[in-house]
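# Any chance you can model this:
(chains A, B, C and D)
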2 protein chains.
Amino acid sequence: MTTTLFRPAADVSALADALRPALLRISRQLRREAQPLGLSPLDATLLTAVSKREGVGVSELAELEQTSRPTMSAHVKRLEAAGWLKRLPPPSDDKRRFGLVISAAGRKALDAVRRRRNDWLEARLASLDPAAREALRRALDPLARIAGERA
Amino acid sequence: MTTTLFRPAADVSALADALRPALLRISRQLRREAQPLGLSPLDATLLTAVSKREGVGVSELAELEQTSRPTMSAHVKRLEAAGWLKRLPPPSDDKRRFGLVISAAGRKALDAVRRRRNDWLEARLASLDPAAREALRRALDPLARIAGERA
DNA sequence: TAAGATAGTTAGGCAACCTAACTACATCGC
DNA sequence: GCGATGTAGTTAGGTTGCCTAACTATCTTA
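Numbers count the residues shown, from 1 in each chain, chains lettered A, B, ... in the order given. The predicted model follows:
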């Protein structure tokens, strides 16, 4: 043990131990969220990512979202089948790669979900006091960095 | 749109939109974590919960951890099979309910994992600057409240 | 132009979750 | 004292999201 003089480790460890269960629990809820409008939280995340980078490829998107290519391929297939996403035929001269873009329906669904504001997370946030929300706001950037968000 | 004077909603909504993808991404990583020592992050969470409330029942634990009873039943079965958890035969005179306790092996595994401090989350936290960690520390309580932590 | 890299898909499997339906025991009301 | 109702836990069956391995098709480079 011997705690003195540069032992950030114990600190970090304690923080991790406290953070882990909370994060696991929250994500459990998050995923469970019923989506009367279609569009699960994951779908919304993916559509947002695509709309931020029109023409992105499946592999690139997989890397951005930190999943395997096959996983992303399946998501894209699903989102395309639902009509929320479109594949542009090879925009460049590379015939392997097609560009993904959000469809009109996708954008509409995304807007609708954003306008709803009665989902689980928002309700929870709304029930907190402003100081707690501020604390979360300040934690946003560190969380994004942990998540390994790119651009 | 007309942002002034008491419109916490837009605020909360923006916070939720920023928080959601980060949380989803983090939990994805968290779950993916390989566990050379056995004991996934979920396992650790559950064992910790049990050790905090010796003698807890499956249903009560399910409620605490906010999962369905069958889900918890399966986890308990798994943890018991792994030898990390024990069921005490009905401690009260209620023959339906048995008390769950962590086994010696479970406690040992839990301690070992805690001592490891080279898991994904800790590594990420360690790579942040102290100010960022402090921001996260302050966000802990709000996060726990969102997660609906009880006692 | 053959060798290797890269985009994306298919196949197969696993972990964690859910609901519905069941068994076994408890308790309440008459 | 016994049926109705409730609660603890399990079983069965299905879904979602993720993975690796292996494949096809195309591009790039030596």
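
# Quick check: residue A:19 vs residue B:111, distance?
Per C-beta to C-beta, to the nearest Å, residue A:19 is found 19 Å from residue B:111. All C-beta atoms are positioned from the backbone trio N, CA, C, and that covers glycine.

# Over to residue A:141?
For residue A:141, the distance to residue B:111 equals 33 Å [C-beta to C-beta].

# Neighbour count for the two, which is higher?
Between residue A:141 and residue B:111, residue A:141 has the larger neighbour count (other C-beta atoms under 10 Å in any protein chain shown), namely 16 against 10.

# residues in contact with the helix ranked longest in chain A?
In chain A, taking DSSP state H as the definition, the longest helix is helix A:8-32. In this structure, residues lying in contact with helix A:8-32 by C-beta atoms under 8 Å, 6 or more residues apart in numbering or on different chains are A:3, A:40-42, A:120-121, B:20, B:23-24, B:26-27, B:30-31, B:41-42, B:44-45, B:48, B:65-67, B:114, B:117, B:119, B:121-122, B:125-126, B:130, B:133, B:136-137, B:140, B:143-144, B:146-149.

# Stretch A:71-83 too?
A:38, A:42-43, A:46-47, A:58-59, A:61-62, A:65, A:67, A:85-87, A:100, A:103, A:105-106.

# So among those residues, which ones count as buried?
Buried members of these, counted by 16 or more other C-beta atoms under 10 Å in any protein chain shown: A:42-43, A:46-47, A:58, A:61-62, A:65, A:67, A:85-86, A:100, A:103, A:106.

# Take those residues and keep only those in strands.
A:85, A:86, A:100 (DSSP state E).

# you'd agree the last one is up against residue A:106?
No - here residue A:100 lies out of contact with residue A:106, judged by C-beta atoms under 8 Å, at a distance of 10.3 Å.

# Common neighbours of those two, please.
Common neighbours of residue A:100 and residue A:106 (C-beta under 8 Å, 6+ apart) are residue A:85.

# I'd like the distance between residue A:49 and residue A:79.
For residue A:49 relative to residue A:79 (C-beta to C-beta), the value is 11 Å.

# Which one of those two is surrounded by more residues?
Taking other C-beta under 10 Å, residue A:49 and residue A:79 do not tie; residue A:79 has more neighbours (22 against 16).

# Output whatever helix or strand that one lives in as PDB - backbone C-alpha positions only.
Using DSSP states H and E, residue A:79 sits in helix A:69-81. Provided in PDB are the C-alpha atoms of helix A:69-81 (Å, rounded to 0.1, in the frame of the first residue of the first chain):
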ATOM      1  CA  ARG A  69     -16.400  -4.200 -39.900                       C
ATOM      2  CA  PRO A  70     -18.900  -7.100 -40.000                       C
ATOM      3  CA  THR A  71     -20.800  -5.600 -37.100                       C
ATOM      4  CA  MET A  72     -21.100  -2.300 -38.900                       C
ATOM      5  CA  SER A  73     -21.900  -4.000 -42.100                       C
ATOM      6  CA  ALA A  74     -24.900  -5.500 -40.400                       C
ATOM      7  CA  HIS A  75     -26.000  -2.300 -38.900                       C
ATOM      8  CA  VAL A  76     -25.800  -0.600 -42.300                       C
ATOM      9  CA  LYS A  77     -27.800  -3.300 -43.900                       C
ATOM     10  CA  ARG A  78     -30.400  -3.000 -41.300                       C
ATOM     11  CA  LEU A  79     -30.600   0.800 -41.400                       C
ATOM     12  CA  GLU A  80     -30.700   0.600 -45.200                       C
ATOM     13  CA  ALA A  81     -33.500  -1.900 -45.100                       C
END
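
# Run the angle between it and helix B:8-32 for me.
Orientation of helix A:69-81 against helix B:8-32 (axes from the mean of the first three to the mean of the last three C-alpha atoms, to 10 degrees) gives an angle of 140 degrees.

# So which bits of chain A are right by DNA strand D?
Contact residues, chain A versus DNA strand D (C-beta under 7 Å from any atom of the strand): A:31, A:40, A:42, A:66-68, A:70-71, A:74-75, A:90, A:93-96.
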